[in-house]
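> Model the structure of this input:
(one chain, ligands or ions: 1)
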Amino acid sequence: MDTRWHVAKDDADWLRQALDHIRAAEARALAGRGAFHIVLAGGGTPRKVYEQLAREPHDWARWHVWFGDERCLPASVPERNSRMAFEALLSRVPIPAEQIHVIPAELGARAAAERYGQALAGIGAFDLVLLGLGEDGHTASLFPGHDWGEALDAPPALAVLDAPKPPPERVSLSARRLNCACVVLFLVAGAGKREAVAAWQGGVFIPAAAIRPACGVDVLLDPASVPV
Ligand SMILES: O=C1O[C@H](COP(=O)(O)O)[C@@H](O)[C@H](O)[C@H]1O
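Sure thing, here's the model as predicted:
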């Protein structure tokens, strides 16, 4: 499995490279299956990517949006990953509402994970999975020392009850389900990510390293996140 590292020369280049990957994955998917199934990352890093996407013409009617993870908080709370995605992108573009699949995390982690797993039945490989990288090496809500759901029989979505980063209750796609993808792109920015990047590049089995689809992964680093 290839891990392809891309180092942007500045913020503008990071954004340009992120968008180039997304446009390419979209074009491939629309030419192939006629639909684009994208998994969105949460956290703060992807916000500017989503905002820029919303300014561009895309074939929105053929987008199907999924989430890599969600924090178990009321739907209106700013810390919800879906709330950020709506503010930056989803409320600004005409993706049909029934094609936006929010994790119903307000139901609690167990019920929401169960329900999201059912929603994913029959979807097949994602065309593009966007992921972030936490300072501790977590990705989606797969945290160090937890079960990342890599086993062949792991459920598509995991209930996380004791995340070290608030809130403790979360839902995450499992590594097995995230690995079922045509393209996986990690969006990494900020000096706070340097240690995690160094660990990953040094062969430490951090959660991000458990995402190893057959297509390999692309990791986009801004200059600040590159280990010195
Ligand atoms: O808690 C989370 O953290 C990671 C990283 O977020 P960032 O703010 O450092 O970009 C994110 O990828 C994940 O979706 C989120 O739930």
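> where does the nearest residue in space to Ala209 that is not next to it in sequence land in three-state SS?
In space, not counting the residues next to it along the chain, Ala209 is nearest to Trp200; the distance is 5.7 Å by C-beta to C-beta, 6 or more residues apart in numbering. To be clear about C-beta, it is placed using only N, CA and C from the backbone, and glycine gets the same treatment. The assignment at Trp200 comes out as helix when based on DSSP: H, G, I helix; E, B strand; the rest coil.
> for Trp200, what are its contacts?
Remark: with contacts taken as C-beta atoms under 8 Å, 6 or more residues apart in numbering, Trp200 is in contact with 3, 133, 137, 206, 208-209, 219.
> Next: Gly108.
Neighbouring residues of Gly108 by C-beta under 8 Å, 6+ apart: 72, 169.
> for Pro168, same thing?
Contacts of Pro168 were listed using C-beta under 8 Å, 6+ apart, and they are 160-162.
> Now render the contacts of Trp200 as CSV, adding secondary structure, pLDDT and neighbour count.
Rendered in CSV, the data for the contacts of Trp200 read as follows (DSSP: H, G, I helix; E, B strand; the rest coil; pLDDT from 0 to 100; neighbours: other C-beta atoms under 10 Å):
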residue, secondary structure, pLDDT, neighbour count
Thr3, strand, 98, 16
Leu133, coil, 98, 27
Gly137, coil, 98, 22
Ile206, coil, 98, 22
Ala208, helix, 98, 28
Ala209, helix, 98, 19
Val219, strand, 98, 21
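> Tabulate those in JSON lines, adding columns for distance to Leu173.
Supplementary listing: those in JSON lines, determined by distance: C-beta to C-beta, whole Å:
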{"residue": "Thr3", "distance to Leu173": "19"}
{"residue": "Leu133", "distance to Leu173": "15"}
{"residue": "Gly137", "distance to Leu173": "17"}
{"residue": "Ile206", "distance to Leu173": "17"}
{"residue": "Ala208", "distance to Leu173": "14"}
{"residue": "Ala209", "distance to Leu173": "16"}
{"residue": "Val219", "distance to Leu173": "18"}
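> Among those residues, which pair sits farthest apart?
Thr3 and Gly137 (13.7 Å; C-beta to C-beta).
> Hmm, Gln52 is touching Trp14, no?
No - look at Gln52 against Trp14 with C-beta atoms under 8 Å: they stay out of range, at 11.1 Å.
> Pick out whichever of the two has more residues nearby.
With neighbours defined as other C-beta atoms under 10 Å, Gln52 and Trp14 compare such that Trp14 has more, 25 against 16.
> For that one, which non-adjacent residue is spatially closest?
Take Trp14 and drop its neighbours on the chain: the residue closest to it by C-beta to C-beta, 6+ apart is Ala8, 3.6 Å away.
> Quick one, grab the pLDDT at that neighbour.
According to the predicted model, the pLDDT of Ala8 comes to 98.
> One more: Ala75?
88.
> tell me the contacts of the nearest residue to it once chain neighbours are set aside?
Closest residue in space to Ala75, ignoring its immediate chain neighbours: Glu106 at 5.4 Å, by C-beta to C-beta, 6+ apart. With contacts defined as C-beta under 8 Å, 6+ apart, Glu106 is in contact with 72-75, 112.
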